[in-house]
Structures are given as C-alpha cells and as structure tokens.
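Engineer: sequence plus the predicted model coming up.
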Amino acid sequence: SYHTLAEFHKRNRYDLAGHLPSLYWDTGDFRKVRFDYWQTLHDLWKENFMKPMFEWCDRNNLQFTGHWMEHEWPYPWITPADANLYAYEHVPGIDMLEGTRLRLEGKDPHLLFTIKQVASVSHQLERRVFCEAYGVAGWDSTFEHYKRFGDWLMVHGVNFMNQHLSFTTVRGARKRDHPQSFSDVSAWWPYYKLHGDHLGRISFLSSVSLPKNRLLVLQQTTSGYLLARRAGPTPELEKMRANNAELHQALADRQIDFDLGDEYMIEWFGKAGGRKFTIGKASYELVALPPDMTNFRKETLPVLEQFLAGGGEIVALSPPAEYVDGRPSDAVKRLRTKYAAQWRETESLAAFLAEVQRRLPPRIQFSPAVPGGVGFSDRVFSSGDRWVMLANTGLARVRTRATLAGGALEEWNTETGAMTPVPFETA
C-alpha cells in the first residue's frame, strides 16, 4: 500500500527502500530484512482488517468467520503467518475443496496440517471450527467420498460444516462452475439426510466437548520468512512444507494427541508453570520443535525458558535455531545448554516419534497394529465423560482390537442417534 514504507520505518527504525534487493535475492542482511518485512505486513493485516472486523462484529452481536485466500503455508506471499489470525474470528474457518488426494491416496498431509492449524487455535480459545467443504468434487462425486472426506475433517477437529455449494440454477455455463450442488438438481439429494445427520451429530458432540491434547508442536512459520525470496525458486520452502506435512501425517497415523503452537499466539496468550506450557485455555505436557525451525520470535523465548525452568521437556527435530527475529543469536543454543537434561534432540522422524511416545503413553492401542489413515479423536465433556471417534479414511479395510482407559462403554449411532451399551473386556 501507499503506507507500507512509512509503517515499516516506524516499526523497524530503518528505511526499507534501501534494502529492497534483500527481499528478492540473498544479498545484504536479507534474513533480518525479510523477517521485519513479513512481520510488518502481518501486523498491518491484523491491525487494519482482522481486528477491526472482529471488534465490529462483536459490537453488533455477529460472528465473524471465513477462510484465507488459499492455505499456502509456509509461503507468506498471500497471508503471512495466518494461523494466529484465527484468534480474530469468532468461528475460525478454513476451505477444503476437492479432496482428490484423500480419495485417491487415503491421505493429504499438507491439508491435514491446515486442519490442525485451525483446530489448535480453536482448542486454545475454546471456539468451534468452521469448514467450507466438498466443493469442486464434481458431478460424479459419491457418498463414499463425502463420508471419507467428512469423517477426515471431523476426526481432526472440524465441528461446523458448510457444504459447498447449492446452485439456484444450473442453466448454461453454471453447470461447469465448481460442481457438485447440494440441492435438488443432484439425483442423490433425497438421500443426503443420512449423511447430513451423521455430520450434525458428530458436530454437536464435538461442540460440547474439549480435547485434552498433551503435545504442543511449535510452528516454524517465521523461519519461512527468512527464506521467502521473490526473484527465484524457493526450494527451501518446498522442503519445509514437505517435512512439516510428513511430521503431521506421522503423528496422526500413530493417534498421538497434539496441537500446534503459533509464536504470535504464544506472545498473546502463552505462559508456563507447573511443568505445563499453556496457550489460552489449553495446557500441554511436552513441547516439540519441528524440522527446519531456524528462527524464533524473541517473545517466544521467555515462555519457553519458564517452561524449562519448571521442569518441562522439549523433544526436537531441529538443532537449536541460529536466529531470533532474523538476527544471528545464540539464545536458543544457550537455553539448550542450560537445560540439557530436558532437551532431547533426535536425528530422525522415527526417533522423534519414539521419544514422544515414551513420554506420552498412547491413549489407545491396537492389536494388530492399524495402517496409516486411522484418525483418532478423544474429547471430554464437562461431566468428565469421554467420547472417542475413530475414522478410517485410508484406502485399506481395518479389523483390529482397541484398548483404552474407561469404566464402561457405549456405542453412539450417528445415523439414528441411538445410544447402546456394548460389551467390553478389561485388560
């Protein structure tokens, strides 16, 4: 905008115009310049749009929701550091179109990360999670796809579904504009209530319960700032995106309960004490550092040190970050040295997962083991009762025996609403 240079100078105390090449090429103090630039754009977006919209809706008894223009993490071009801006939505929202990879491969690791981003902020602020779903799946999309895709969204945290979309008319070119249609122009529409009721019942249960996730995986979003050059390819960001997606798929495939920790959320809502790392209303027992985390915001470090000083532990897939706010710093390395007994660095994803599971015993175990694609949701009502959802969104049929803690067991039928006691064996 016309105000960018002035705002950048006001916030960072130097003139961006003299450092523009650093935004395009790896020249000059490019890490510092890029961190300051993308953080400035993030803050302007928050201050000039998200916060005023949220507050206006609040004053007028409206709920603000919506989704970003695509979910392009870690590329900051369109929406720099967008996860924390869900805090400025009464009902944080995402957009999940097509579902092609889920239908053909039984998984979509990057979009799983997108779901976990919004679900994490919603857990931390105790809000619902809104999702525009199914769009562009085509006139030939099936109930099998709707069931797999809907269950995948729900088991990983969505609890308010907007089915995309319902055409008023399909005359002319309209019939080719992002089909299918959730309306009477579709032959299956008279039978859709079966699936709609299923989603509605799960949404209700999820909306009146809370997860108690134990693992907090910090987000390496601002590390991406440092790599975001505009004059050529960014293979480092492609690698970061792939590594991050692999980590989240691996955690989900092992039914490990986790949320994500955005650094701006930590600044606004974070604290530590009693061996717990807290963001908003959610507290975590273990902190994980993902791969490619080369930068921290300075506001994160006091909370991290407070967590370690209280006896908390960190499991890391990255060596200590060498930058703080885009400037060279040994602050993270000094933290690792000071709390060496509580800071476990791992050399591989397999070793990382083993360290996490050693510290956080599984909440559910299977015999025989299940393949990837079995999602697990474990939520608690205010009464203390739990409800558990398992969703096999992979491509293989699964038959297994599950063991989990509990004193009694009921089956809740999401087609009919019936609640039936079922037999179980004690371990």
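Structural biologist: That came through, no problem. This is a predicted model, so every value here is computed, not measured.
Engineer: could you verify my assumption that residue 110 touches residue 243?
Structural biologist: No. Using Cβ atoms under 8 Å, residue 110 makes no contact with residue 243, being 11.0 Å away. Backbone N, C-alpha and C define where each C-beta goes, glycine included.
Engineer: residue 312 touches residue 275, doesn't it?
Structural biologist: Yes. Residue 312 is within contact range of residue 275, at 5.2 Å (criterion: Cβ under 8 Å).
Engineer: which neighbours do those two share?
Structural biologist: Counting by Cβ atoms under 8 Å, 6 or more residues apart in numbering, the contacts common to residue 312 and residue 275 are residue 285.
Engineer: what about these two, which has more around it?
Structural biologist: residue 312 (23 against 15; other Cβ atoms under 10 Å).
Engineer: got a list of what that one touches?
Structural biologist: If you count contacts by Cβ under 8 Å, 6+ apart, then residue 312 has 272, 275-277, 285-287, 342 around it.
Engineer: farthest pair within the residues you listed?
Structural biologist: Within the contacts of residue 312, two members stand farthest from each other by Cβ to Cβ: 276 and 342, at 13.8 Å.
Engineer: strands along the stretch 301-427 of the chain, start to end?
Structural biologist: 313-316, 323-324, 327-328, 343-345, 364-367, 374-380, 386-392, 401-404, 410-412, 419-421 (DSSP state E, counting those that start in this stretch).
Engineer: which residues are in contact with stretch 199-215?
Structural biologist: Counting by Cβ under 8 Å, 6+ apart, 123, 126, 128, 150, 154, 157, 159-161, 251, 256-259, 282, 284-288, 356, 360, 377-382, 387, 389, 412, 414, 417 sit against stretch 199-215.
Engineer: at 7 Å instead, please
Structural biologist: 123, 126, 128, 150, 154, 159-161, 256-259, 284-286, 288, 356, 360, 378-381, 387, 389, 414, 417 (Cβ atoms under 7 Å, 6 or more residues apart in numbering).
Engineer: what strand or helix carries the residue lying closest to residue 76 once chain neighbours are set aside?
Structural biologist: With sequence-adjacent residues excluded and distances taken as Cβ to Cβ, 6 or more residues apart in numbering, residue 76 is closest to residue 38, at 4.8 Å. Using DSSP states H and E, residue 38 sits within helix 30-45.
Engineer: can I get the CA coordinates of that helix in PDB?
Structural biologist: Written as PDB, here are the backbone C-alpha positions of helix 30-45 (Å, rounded to 0.1, in the frame of the first residue of the first chain):
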ATOM      1  CA  PHE A  30      18.400 -10.500   3.900                       C
ATOM      2  CA  ARG A  31      17.200 -12.600   6.900                       C
ATOM      3  CA  LYS A  32      16.700  -9.500   9.100                       C
ATOM      4  CA  VAL A  33      15.000  -7.500   6.300                       C
ATOM      5  CA  ARG A  34      12.700 -10.300   5.300                       C
ATOM      6  CA  PHE A  35      11.700 -11.000   8.900                       C
ATOM      7  CA  ASP A  36      10.900  -7.300   9.500                       C
ATOM      8  CA  TYR A  37       9.100  -7.000   6.200                       C
ATOM      9  CA  TRP A  38       6.800 -10.000   6.600                       C
ATOM     10  CA  GLN A  39       6.100  -9.300  10.300                       C
ATOM     11  CA  THR A  40       5.200  -5.700   9.300                       C
ATOM     12  CA  LEU A  41       2.700  -6.900   6.700                       C
ATOM     13  CA  HIS A  42       1.300  -9.500   9.200                       C
ATOM     14  CA  ASP A  43       0.800  -6.800  11.800                       C
ATOM     15  CA  LEU A  44      -0.800  -4.300   9.300                       C
ATOM     16  CA  TRP A  45      -3.200  -7.000   8.100                       C
END
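Engineer: can you state the direction angle for the helix or strand just after it and helix 30-45?
Structural biologist: Using DSSP H and E, the helix or strand that directly follows helix 30-45 along the chain is helix 51-59. Angle of helix 51-59 versus helix 30-45, following axes from the mean of the first three to the mean of the last three Cα atoms, to 10 degrees, is 30 degrees.
Engineer: in helix 51-59, which residues are buried?
Structural biologist: 54, 57 (16 or more other Cβ atoms under 10 Å).
Engineer: for this protein, which spans come out with low pLDDT?
Structural biologist: The model of the chain has no residue with pLDDT under 70.
Engineer: have a look at this structure and report its longest helix.
Structural biologist: helix 235-253 (DSSP state H).
Engineer: ok, and what's touching that one?
Structural biologist: By Cβ under 7 Å, 6+ apart, helix 235-253 touches 74-75, 107, 109-110, 112-113, 116, 156, 220, 224, 227-228, 258, 290-292, 349, 353, 372-373, 375.
Engineer: show me which of the residues you listed are buried.
Structural biologist: 74-75, 107, 109-110, 112-113, 116, 156, 220, 224, 227-228, 258, 290-292, 353, 373, 375.
Engineer: can you give me the helices in the stretch 101-250 of the chain?
Structural biologist: 109-125, 143-155, 193-207, 221-227, 235-253 (DSSP state H, counting those that start in this stretch).
Engineer: tell me the most buried of those helices?
Structural biologist: Neighbour counts (mean count of other Cβ atoms under 10 Å) averaged over each of those peak at helix 221-227, with a mean of 25.
Engineer: quick one on the thing from earlier: by contact count, what packs against the helix holding residue 38?
Structural biologist: helix 4-12, helix 21-24, helix 221-227 (3 or more Cβ pairs under 7 Å, 6 or more residues apart in numbering; DSSP states H and E).
Engineer: do that again at 6 Å, thanks
Structural biologist: helix 4-12, helix 221-227 (3 or more Cβ pairs under 6 Å, 6 or more residues apart in numbering; DSSP states H and E).
Engineer: reformat the ones you listed as TSV; add distance to residue 85.
Structural biologist: Formatted as TSV, these follow (distance: least, Cβ to Cβ, whole Å):
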stretch	distance to residue 85
helix 4-12	18
helix 221-227	12
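Engineer: out of those, which is closest to residue 337?
Structural biologist: The nearest among the helices and strands packed on helix 30-45, by Cβ to Cβ, is helix 221-227 at 21.0 Å.
Engineer: what is the closest one packed up against?
Structural biologist: Secondary elements touching helix 221-227 (3+ Cβ pairs under 6 Å, 6+ apart): helix 30-45, helix 235-253, strand 295-296.
Engineer: which one of those lies nearest to residue 400?
Structural biologist: That would be helix 235-253 among the helices and strands packed on helix 221-227, by Cβ to Cβ, at 13.9 Å.
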